[in-house]
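> model this:
(one chain, ligands or ions: 2)
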Amino acid sequence: MNELKPSLMDYTQKELLEFIKPSFRAKQLFGWMYHQYASNYDEMKNIPKSMKEELAKKYLVNPLKIVNKEESTDGTIKYLLELQDGKTMEAVWLKMKDEQKDESGNVFQEAKYTICVSTQVGCKVGCTFCLTAKGGFTRDLTAGEIVAQVVTLKKDNNHKHNRKINIVYMGMGEPLDNLTNLTKAIEIFKEEEGLCIGGKRQTVSTSGLSSKIDRLGEMDLGVHIAISLHAVDDKLRSELIPMNKAHNIQSIIDAVKRFPIDTRKRVMFEYLVIKGKNDDIGSAKKLVKLLTDIKAKVNLIYFNPYPGTDYDRPTRADMVAFQEYLVNHGLLCTIRDSKGIDISAACGQLKEKTETLN
Ligand code: SAH
Ligand code: SF4
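Ligands and ions are numbered 1, 2, ... in the order given. Just a heads-up that it's a prediction; the model follows:
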């Protein structure tokens, strides 16, 4: 990891101001990176050549390269991105809402998008249902590599810097296992003269490292959290997510109760539904009990099979019955429609496919 050159995207504006003088140059660089989406120094027309040469010796601008792209009919685009050391990871462009037009065909509301970003190459948590886990852990992403995913995808989709975008940390890796770089990236995203993506627009998804949920909460960055719960008893949860042995369900629930959330918002609990494992009404009943004192919202996710997995996708009827039970017992619950199901949708699947092809 030592040989990695830092990128200008690793720094907040305040940090850039410390080593780039005069200060207006630091602001110009910020504009080039986050408003014009410049990938390299050549594009930065109003920065003196000598300064660019000096900076180029030490820092990259955008450290990512698009190496593969799969587009689904529903507007989802899955990107395989290469890092400077040749390693790859994924980011996904998700269309959440189509543009709205009036009778004369004028657009009165633009389409809404969310970007799903990775925080690590691989993952240490080792969930038995997850393809990312199969390849083991390679390395943490730097803050700049996390930030650059959003810049790269916005640029590739001609999405102007001032158009709103949501970020979900649901790509490859466990965000809280890379807490320092994650929180730095969150702050860089929030920069008013940069991408200006507020905490409210950023959701950190975690497999439940309870002590780190507390640490993230203490930083009070205003972000949302989503908990990948997936099971209601510790025996099954430890089978699915081995690290549950150290951070059990109760410790996660307690950490969530301590997490600072906007009083109007809810904590999202993701529940991956696997046929014959956790799709029965008994589990739904326990879930209701577990979440009684929490302002929660449950998102049911169909298990997305891949070659070699031991698990199966649940039936639609079982999904709906599960959802109905939760809703009838006062829990908000949605079923996540598997966006991009016709491409390699779930986390880690595009990387796997591209590597087996090559
Ligand atoms: N490590 C974090 C964030 C990345 S995983 C976490 O676990 O929350 C993002 C989401 O993808 C998680 O909710 C995870 O459970 C889900 N996921 C992993 N493999 C999947 C699969 N095969 N089908 C459907 N969802 C999957
Ligand atoms: Fe890691 Fe999340 Fe995959 Fe589990 S589901 S192995 S925590 S990326």
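> What's the local residue count around the nearest residue to residue 208 once chain neighbours are set aside?
Leaving aside its sequence neighbours, residue 208 sits nearest to residue 252 (Cβ to Cβ, 6 or more residues apart in numbering; 4.3 Å). Yep, even glycine has a C-beta here, placed from its N, CA and C like the rest. By the criterion of other Cβ atoms under 10 Å, residue 252 has 23 neighbours.
> Which of the three states applies to residue 252?
helix (DSSP: H, G, I helix; E, B strand; the rest coil).
> shouldn't it be in contact with residue 229?
Yes: if you go by Cβ atoms under 8 Å, residue 252 and residue 229 touch, sitting 7.5 Å apart.
> Any stretches of the protein with poor pLDDT?
By pLDDT under 70, the low-scoring segments of the chain are 1-2, 338-358.
> check contacts around the residue nearest to residue 208.
Applying Cβ atoms under 8 Å, 6 or more residues apart in numbering, we find residue 252 in contact with 208, 210, 213, 227, 229.
> The first one: what's it in contact with?
The reference is to residue 208. Under the criterion of Cβ under 8 Å, 6+ apart, the neighbours of residue 208 are 227-229, 241, 243-244, 247, 252.
> what's across from residue 93 in the sheet?
Here residue 93 sits in beta bridges with residue 77, residue 115, going by DSSP bridges.
> And for it, the neighbour number?
As a burial measure, residue 93 scores 24 neighbours (other Cβ under 10 Å).
> How much space separates it from residue 77?
Applying Cβ to Cβ, to the nearest Å, the value for residue 93 to residue 77 is 4 Å.
> shared neighbours, those two?
Going by Cβ under 8 Å, 6+ apart, residues that sit against residue 93 and also against residue 77 are 153, 156-157.
> can you pick the most crowded of those residues?
Among the shared contacts of residue 93 and residue 77, where neighbours are counted by other Cβ under 10 Å, the top count belongs to residue 153, at 24 neighbours.
> Tell me which residues of stretch 22-34 come out buried.
Of the residues in stretch 22-34, those buried under the neighbour-count criterion (16 or more other Cβ atoms under 10 Å) are 25-26, 28-34.
> Break down the stretch 1-150 of the chain into its strands, ranges please.
Counting by DSSP state E, counting those that start in this stretch, the stretch 1-150 of the chain has these strands, from start to end: 65-71, 77-82, 88-97, 100-101, 107-109, 112-116, 120-122, 137-140.
> quick one, which of those is nearest to residue 334?
Evaluated over the strands of the stretch 1-150 of the chain, closeness to residue 334 peaks at strand 88-97, with 12.4 Å, by Cβ to Cβ.
> ok now do the closest residue to residue 8 other than its chain neighbours, which residues does it touch?
Of all residues beyond its chain neighbours, the one nearest residue 8 is residue 59 (5.0 Å), with distances taken as Cβ to Cβ, 6+ apart. When the contact criterion is Cβ under 8 Å, 6+ apart, the partners of residue 59 are 5-8.
> Great, nothing more from me.
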